[in-house]
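# Provided below for reference: sequence and predicted model.
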Amino acid sequence: MNFKDVYEKEHVTRKFTNRKLQEKTIAGIVKMAQQSPSLLNSQPWRAYVLMGDALSKFKAASAKKIDDKEVAHEDFASMLSLDWDTYPSRNMATMGAPQSFFFRNKLQLFNDANKTMFNAPAIIFLTVPKKSPAWSVFDLGIFAQSIMLLAINRGLGVMPAHSMVSYPELVREYAQIPDDEAVGMAIAVGYIDKNAEINDPKFIPKRVPFNEIYKVVE
């Protein structure tokens, strides 16, 4: 696929079809993503994939915690500041992912998709060592972006969501992740359900005007 086409298709998929995804497809994507750059070539990332029965059990356990109203406690919440500057706070308030659903009285559609983990046939969990500098979080973001673009190039949809790592103890249990690794992010992958209302392009949030984020000095 032409790179421009790949990049323009990069937006989240909030519902996947029931079509199964081959493990070798995911393995090929992650292996190629290893070409991603990192500080001093530290390559701090690891990828753990949940599929099949293990994923079904994880989804059920996570849904129970949501039903029990257990407060989310992501690993990164204890590692990084959760205080937002005014600029990103404004963007989230006006263009945040839930907003396009809220203003159309479809917030329940958004919440249900999160709770069911988007009907994803596979989820890739990304980790870095708990003993890591902030640079490793940046590196993990580069690695995640590589995975998503490579997946899109394969005709797949992607959904990066911190909601899937809200309960890291469950992720560790079902994905068999060691305690010394921080569960940073999860990317759901699968085939896009093009008939699902929640995947309608009208729900894709807008971007900040270019002149607000770009400055050149000569």
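Nice, thanks for sending it over.

# going forward, measure contacts and count neighbours with C-alpha atoms only.
Fine.

# How much space separates residue 175 from residue 202?
35 Å (Cα to Cα, to the nearest Å).

# Residue 6 too?
Using Cα to Cα, residue 6 is found at 19 Å from residue 202.

# for residue 43, same thing?
Residue 43 sits 37 Å away from residue 202, going by Cα to Cα.

# Between those two, which has more neighbouring residues?
The neighbour count for residue 43 versus residue 202, taken as other Cα atoms under 10 Å, is higher for residue 43 (17 against 11).

# that's a helix at that one, yeah?
No. Residue 43 is assigned coil when assessed by DSSP: H, G, I helix; E, B strand; the rest coil, not a helix.

# Phi first, then psi, for it.
The phi/psi pair for residue 43 (degrees, to the nearest 10) reads phi 40, psi 60.

# Who are the contact partners of residue 199?
By Cα atoms under 8 Å, 6 or more residues apart in numbering, the contact set of residue 199 is 13, 14, 15, 193.

# Can you tell me which of those is closest to residue 78?
residue 14 (27.3 Å; Cα to Cα).

# host element of that closest one?
Under DSSP states H and E, no helix or strand contains residue 14.

# swap in the one 4 residues further on?
Element membership for residue 18, per DSSP H and E: none, as it lies in no helix or strand.

# quick one: it and residue 189 touch, right?
No. Look at residue 18 against residue 189 with Cα atoms under 8 Å: they stay out of range, at 11.7 Å.

# No more questions from me, cheers.
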